Each structure stands twice: as C-alpha cells, then as structure tokens.
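Novice: Below is the sequence, then the predicted model.
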Amino acid sequence: MSKQIWNIDGAHSEIGFKVRHMMITNVNGIFNSYTATMAADATDFSDAEISFEADIDSVSTRNEQRDGHLKGEEFFNAAQFPKINFKSTSFNKTGDGLYTMKGMFNMHGVEKEVSMNVEFTGTVVDPWGQVKSGFEITGSLNRSEFGLTWNATSEDGSIVLDEVIKLALNVQMIKQV
C-alpha cells in the first residue's frame with residue numbers, strides 16, 4: 001500500500017537558520033525557494049518519510065552584499081553546489097506530538113547524518129477544503145563539517161562566525177488528494 005503524500009505549502013512555511021556573528025548577536029537567514037514532500041500512512045505521522053531541497057541562490061539575510069558572499073566560493077559556492085538536500089532515515093515519536101527526525105543532509109558536496117527535533121502542531125481543513133498539517137523543526141549543524149570554513153577574527157581576537165548553525169523551520173504540509 002502506498003503512503004499518503006503531503007507537499008509543502010511554500011506560502012505558509014519558512015525555512016530559516018541563524019548563526020552567531022561576532023559572538024554577540026545572531027544573523028538570521030531564510031531560503032525563499034524550496035520543495036519538500038512527506039509520505040505517511042499513520043495519522044500521528046510516526047511512519048513519515050521526508051525529503052527536502054532548497055536552492056542556494058534563494059538565500060536571504062536581508063543584506064544583498066552578505067547574500068552574495070554566502071552564495072560565493074567562500075561559503076555555499078552556489079555555482080558548484082546549487083542545492084541543499086535532506087532525506088529522512090527515521091522519524092521517531094518521543095512524546096505527545098514530539099518526534100526526533102534523523103536523515104542525510106547534503107550541503108556543499110558533503111553528506112552527513114543530522115538529527116532534528118520536530119513538533120507536530122496540528123491538522124486543520126482550510127477554507128478551500130485542503131487538509132494541512134503543521135510542524136516546527138529545530139536542529140543544529142557544524143558548518144565546517146560541510147566544508148563551510150570561512151572565518152575571520154575581530155580586533156580583539158574573537159572569531160566573526162560561530163561554527164554552529166541553528167536551523168528553524170516552520171512548515172505547513174498539504175495533503176495531496
């Protein structure tokens with residue numbers, strides 16, 4: 001039996017990240033172009049299989065110069081590695097509406113297993129009859145493990161960018177009929 005397919009609602013989802021800058025504040029960013037699908041039979045999504053892809057050229061930190069730097073060779077190198085990909089390998093229920101999702105994350109030509117926390121925030125039928133389910137996903141990864149090693153030091157000797165990237169995704173998925 002094939003699983004029920006859900007696609008991301010790009011108009012009501014946000015794929016975000018943040019990184020500590022100058023070790024005193026965070027710089028936040030989002031990806032504006034992405035796709036995601038989920039396949040699940042269980043009503044509690046405990047058997048969910050998730051795949052995700054984001055276009056590097058769509059990265060936005062609300063600063064054109066910084067976005068250009070991120071897309072360039074010192075960071076994502078969008079010309080050589082135009083996409084970030086994720087494919088889940090497990091989706092385990094840990095509590096009421098809480099899950100741990102593990103999967104293979106591919107960025108900058110490097111693939112590693114990552115683990116993320118998922119909160120299922122509910123299912124509703126929208127005014128147009130579409131069944132939608134919401135999820136909040138958080139996690140972190142070490143950017144240098146994916147070949148994103150650029151950094152600099154400030155006058156006092158502290159580093160400009162933290163190694164840890166925090167992920168924050170707010171996602172609405174639409175049940176396909």
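Specialist: Structure's in. What do you need?

Novice: I'd guessed Gln172 sits against Ile15; true?
Specialist: No. Look at Gln172 against Ile15 with CB atoms under 8 Å: they stay out of range, at 11.9 Å. No exception for glycine: its C-beta is placed from N, CA and C like everyone else's.

Novice: The two: which is more packed in?
Specialist: The residue with more neighbours, out of Gln172 and Ile15, is Ile15; 24 against 20, by other CB atoms under 10 Å.

Novice: Output the contacting helices and strands for the host helix or strand of the more buried one.
Specialist: If you go by DSSP states H and E, Ile15 is part of strand 14-21. Packed against strand 14-21 by the contact rule (3 or more CB pairs under 8 Å, 6 or more residues apart in numbering; DSSP states H and E) you find strand 25-31, strand 161-175.

Novice: 10 Å instead?
Specialist: strand 25-31, strand 34-40, strand 59-60, strand 131-142, strand 161-175 (3 or more CB pairs under 10 Å, 6 or more residues apart in numbering; DSSP states H and E).

Novice: which other residues reach that strand?
Specialist: Here strand 14-21 makes contact (CB atoms under 10 Å, 6 or more residues apart in numbering) with 8, 25-34, 36, 52, 54, 58-61, 66, 84, 137, 139-141, 143, 148, 159-172.

Novice: how about that strand: buried residues?
Specialist: Neighbour-count burial for strand 14-21, counted by 16 or more other CB atoms under 10 Å, picks out 15, 17-20.

Novice: ok, back up a step: arrange the helices and strands packed on strand 14-21 in JSON lines, one row each, with distance to Gly72 as further columns.
Specialist: Putting the helices and strands packed on strand 14-21 into JSON lines (distance: least, CB to CB, whole Å) gives the following:
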{"stretch": "strand 25-31", "distance to Gly72": "15"}
{"stretch": "strand 34-40", "distance to Gly72": "20"}
{"stretch": "strand 59-60", "distance to Gly72": "11"}
{"stretch": "strand 131-142", "distance to Gly72": "20"}
{"stretch": "strand 161-175", "distance to Gly72": "15"}
